[in-house]
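Undergrad: could you look at this predicted model? Sequence included:
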Amino acid sequence: MQKAYSELVASINQWDHEYFVLDNPTVSDAQYDQCVRELLAIEAEHPELITPESPSQRVGAKPIDEFQKIEHSVKMLSLANAFSLEETYHFFEKAAKELDKSPESLMLFSEPKLDGLAISIHYDHGLFSYAATRGDGQVGEDVSHNIKTIKSVPLKLATNHPPEKLDVRGEVFMPKAAFEKLNRVAQQNASKCFVNPRNAAAGTIRQMNPKIAAERDLQFIPYGIGDYHGDIEFKTHSQIMTYLTTLGFRKNPHCYDFSGSYDALVENYRVMEQARTKLPMEIDGIVYKINELAVQMALGFIARSPKWAIARKFPAQQVTTQLLAVDFQVGRTGVITPVARLAPVFVGGVTVSNATLHNMDEIDRLGLCIGDDIEIHRAGDVIPKVVRVILPGTHRKPIVMPERCPVCDAVVERTIGQAAFRCTGGLSCAAQAAEHIRHYASRKFMNITNLGSKLIALLYNKGIIKTIADIYTLNISDIAELEGHGEKSAQNVLDSIEASKSTKLGTLIGALGIPEVGEEGAKAIARQFKNYPAIVAASLDDLMHVPDIGPIMAKNVVDFFKDEKNRAIIADLIVAGVTWQDEPGEAVQEQILAGQTWVLTGTLSIPRNEAKALLERLGAKVAGSVSKKTSCVVAGQEAGSKLAKAESLGVKIIDEAMFVRMFVDDAQ
Ligand code: IVH
């Protein structure tokens, strides 16, 4: 039993190491779970067998009552900061001078500066003993109960010759994905969100209940050692770091060693800045250390930081500023987005004066008012985000969604069950119309290469193009007369319009800008219905049967094609010479009108019985009078009372040209 038990402990610890340290699991979840169950069963029956390195010992039985103070045997230091290359180089230049060396002759080691909290973990004869926070550097707090739950912290060092004592120092942090998940769940449960991964990690470690810590995916990566009673004579810092990985600790990603030359520092910073966005954890800078321990010793410390290491901080990503106003922007599909106007601040290396607020729910969640002092966060190149209110303003003003669209004055509505408010102006709203044209012409859709956003805005504002169909009526002088354009560039625009005219059905559907229907949704619709008339005729139910199309998208498609204005624009596109390739395969046209009732009225240029026969072939019943049940009325010349009745009942109406385009061309 003892042997089986020890083997289980060793296997599970090995698998934990592979999974949490090496990111390289070798067993299935099922096998892992099965072994953990076996282990727990043995421990329940034979508590005398339980060893301190058993994985069951990571989560202690109950929360602690209070934090015990722990005095660090070797002080936990801090680092001096540098905010530029000059400062960094100068730091090592000074160190080199003191040593009577040239900076180029110093060997440096660079590590990402992990954004979490410093922890010292003590091992006695290879077994986890206790872990403490940094505190004031001299005295910290015992947080063993929580640190033991971190799976990348070995409970037993992976060596047969453990040092008598080892104090591993490093950073506990929460990976970005774990932080986002934690906040998502907090939001769903209407509980408090953490401001950033560092606060989440610190908040988790500085609480009493190890069960909470165990549920949150924290990690530990060492950056050095404090006390060490062992046999190895380390020569360099990198040697220590390698030793720690052999003991079972995670490796800090992107560590480099190089000479302390100016050029090498420039290159290293460039590499690290790029690596940063791809890393799974937040880093707030780069730590440069002199690699040789003898040189470190010779330099020593000033105050609380070493003279052999410096933190080159990235420009702050989080700063405070004041919310001056909130504007409401109207997007392509009419969604109205609140945008924060800020007192300009320098953050993440640039001055910003706007930040996104997403939607009104987010404003409520933040408890935000105009005039408040707020914290904003800018990561990478993305638009800065308002994170929280720091101090409510003295004359704070509530943020209210306007009742009417700030661009076209149409009524603003909120769709039930959705966070977004929308302008109901549709394509008669200038903001939506211009964005709609831009979407249509964009690379993903009609790919009109020389018709960019700026040119569209110019043409739209001058009233030269109002709809996507107007693109095809543009002539040389319309463009050549605009500022910054000549005959040649105008011709290029026209050429690219011409070249874009033949497309695919899925691309055209996506280009139409039906709310929620993106590139993939449009392709799925095209694949299902094969041709345009079948899409126009599709019912809500038909659309809901398309893989990946949900009820909102399906309704938007039906509503879009129900709107005569939209169908007219597509008819204009056809007249302008836009063509598309249907999807290959059996056209589902045969009975596309099954279950529908159509009415023909007015004078048609094709014989009425032919039109009737065609509709019947497509599965429709052709009736003589209009009722609420009528699916569609085809209105020819001089249509009279039936047309009027259809209008009053809100029945779908198409003209003959549309009818011909929808069915006749294809049917013959
Ligand atoms: S070395 C004597 N290396 O940054 C040197 N610190 O601002 C001690 N940190 O308290 C620190 N990543 O919590 C070092 N690769 C790294 C680090 C790192 C993050 C933290 C650590 C330290 C703080 C100093």
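TA: Good, I have the coordinates.
Undergrad: just give the nearest non-adjacent residue to Pro398, would you?
TA: For Pro398, the nearest residue in space outside its immediate sequence neighbours is Cys369; the separation is 5.6 Å by Cβ to Cβ, 6 or more residues apart in numbering. In this view, the C-beta of every residue, glycine as well, is placed from N, C-alpha and C.
Undergrad: I'd assumed Gly393 was in contact with that neighbour.
TA: Yes. In terms of Cβ atoms under 8 Å, Cys369 counts as a neighbour of Gly393; the distance is 6.4 Å.
Undergrad: re the thing from before, who touches the residue nearest to Pro398 in this structure?
TA: When the contact criterion is Cβ atoms under 8 Å, 6 or more residues apart in numbering, the partners of Cys369 are Leu323, Val389, Pro392, Gly393, Arg396, Lys397, Pro398, Ile399.
Undergrad: can you get me a residue count around the fourth one?
TA: Read that as Gly393. The local packing of Gly393 (other Cβ atoms under 10 Å) involves 15 other residues.
Undergrad: what does the first one give?
TA: Neighbourhood size, Leu323 [other Cβ under 10 Å]: 26.
Undergrad: next one, pLDDT for Asp665 please.
TA: Here the pLDDT value assigned to Asp665 is 61.
Undergrad: where does the stretch 551-668 of the chain have low pLDDT?
TA: 585-592, 664-668 (pLDDT under 70).
Undergrad: next, count neighbours for the closest residue to the ligand within it.
TA: Closest contact between the stretch 551-668 of the chain and the ligand, by Cβ to the nearest ligand atom, is at Ile552 (45.0 Å). Using other Cβ under 10 Å, Ile552 has 14 other residues around it.
Undergrad: for it, give its distance to His237.
TA: With distances defined as Cβ to Cβ, to the nearest Å, the gap from Ile552 to His237 amounts to 56 Å.
Undergrad: repeat for Lys156
TA: 25 Å.
Undergrad: in terms of neighbours, single out the busier of the two.
TA: With neighbours defined as other Cβ under 10 Å, Lys156 and His237 compare such that His237 has more, 25 against 20.
Undergrad: and the pLDDT at that one?
TA: Residue-level confidence at His237 comes out at 98, pLDDT.
Undergrad: and if you look at Glu86?
TA: 93.
Undergrad: that one falls within a helix, correct?
TA: Yes. Secondary structure assignment (DSSP: H, G, I helix; E, B strand; the rest coil) places Glu86 inside a helix.
Undergrad: around it, how many other residues sit close by?
TA: Neighbours around Glu86, by other Cβ under 10 Å: 11.
Undergrad: quick check: the gap between it and the ligand.
TA: In this structure, Glu86 and the ligand are separated by 20 Å, where distance is defined by Cβ to the nearest ligand atom, to the nearest Å.
Undergrad: likewise Ala303?
TA: Taken as Cβ to the nearest ligand atom, the span from Ala303 to the ligand is 12 Å.
Undergrad: now swap in Ser191 and tell me
TA: Taking Cβ to the nearest ligand atom as the measure, Ser191 falls 28 Å from the ligand.
Undergrad: quick one: what helix or strand has that residue in it?
TA: Element membership for Ser191 (DSSP states H and E) is empty, with no helix or strand holding it.
Undergrad: average pLDDT across stretch 511-521?
TA: Across stretch 511-521, the per-residue pLDDT values average to 92.
Undergrad: now what about it, what contacts it?
TA: Taking Cβ under 8 Å, 6+ apart as the criterion, the residues outside stretch 511-521 that touch it are 332-334, 436, 439-440, 444-446, 468, 503, 509-510, 522, 525, 548-549, 552-553, 556-557, 560, 566, 570.
Undergrad: what comes up buried for stretch 151-164?
TA: Residues of stretch 151-164 classed as buried: Lys151, Ser152, Val153, Pro154, Leu155, Lys156, Leu157, Ala158, Pro162, Pro163 (neighbour count, 16 or more other Cβ atoms under 10 Å).
Undergrad: residues from the stretch 251-400 of the chain in reach of the ligand?
TA: Counting by Cβ under 6 Å from any ligand atom, the residues of the stretch 251-400 of the chain lying close to the ligand are Asn252, Val287, Pro306, Ala309, Ala311.
Undergrad: among those residues, which one has the most neighbours?
TA: Across those, neighbour numbers were computed from other Cβ under 10 Å; Ala309 holds the maximum, 25 neighbours.
Undergrad: you'd agree that one is up against Ile290?
TA: Yes. Taking Cβ under 8 Å as the contact criterion, Ala309 and Ile290 are neighbours in contact, 7.1 Å apart.
Undergrad: ok, back up a step: could you identify the buried members of the contacts of Cys369?
TA: Among those, the ones that count as buried (16+ other Cβ under 10 Å) are Leu323, Val389, Ile399.
Undergrad: now the first one: phi and psi?
TA: Meaning Leu323. phi -80, psi 110 (degrees, to the nearest 10).
Undergrad: I figured it hits Gly371, correct?
TA: Yes. Assessed by Cβ under 8 Å, Leu323 is found in contact with Gly371 at 6.7 Å.
Undergrad: report the set of residues contacting both of these two.
TA: Gly393.
Undergrad: and the helices in the stretch 1-150 of the chain?
TA: 2-16, 29-45, 85-98, 144-147 (DSSP state H, counting those that start in this stretch).
Undergrad: just put these in JSON lines and tack on distance to Ala214.
TA: Rendered in JSON lines, the data for the helices of the stretch 1-150 of the chain read as follows (distance: least, Cβ to Cβ, whole Å):
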{"stretch": "helix 2-16", "distance to Ala214": "13"}
{"stretch": "helix 29-45", "distance to Ala214": "13"}
{"stretch": "helix 85-98", "distance to Ala214": "39"}
{"stretch": "helix 144-147", "distance to Ala214": "8"}
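Undergrad: tell me which of these is the most buried.
TA: When you average the neighbours per residue for each of the helices of the stretch 1-150 of the chain (mean count of other Cβ atoms under 10 Å), helix 144-147 leads with a mean of 24.
Undergrad: touching that helix from outside, list them.
TA: Helix 144-147 has contacts (Cβ under 8 Å, 6+ apart) with 60, 63-64, 119, 121, 128, 130-132, 153, 172, 204-205, 207-208, 210, 213, 220.
Undergrad: please name the residues that touch the residue of the stretch 551-668 of the chain closest to the ligand.
TA: Residues touching Ile552, when contacts are defined by Cβ under 8 Å, 6+ apart, comprise Glu516.
Undergrad: quick one: it is in a helix?
TA: Yes. According to three-state DSSP, the state of Ile552 is that of a helix.
Undergrad: measure it to Ala534 for me?
TA: Where Ala534 is concerned, Ile552 sits at a distance of 21 Å (Cβ to Cβ).
Undergrad: shouldn't Lys113 be in contact with Tyr288?
TA: No. Taking Cβ under 8 Å as the contact criterion, Lys113 and Tyr288 are not neighbours in contact, 9.8 Å apart.
Undergrad: overlap in contacts, these two.
TA: Contact with both Lys113 and Tyr288 is made by residues Ala311, according to Cβ under 8 Å, 6+ apart.
Undergrad: how about the helix or strand hosting Gly224, does it reach the ligand?
TA: Following DSSP H and E, the helix or strand that holds Gly224 is strand 219-229. Yes. On the criterion Cβ under 6 Å from any ligand atom, strand 219-229 is in touch with the ligand at Tyr223, Gly224.
Undergrad: got the angle for the helix or strand that that strand is followed by vs strand 219-229?
TA: Using DSSP H and E, the helix or strand that directly follows strand 219-229 along the chain is helix 237-246. Taking axes from the mean of the first three to the mean of the last three Cα atoms, to 10 degrees, one finds that helix 237-246 is oriented at 110 degrees with respect to strand 219-229.
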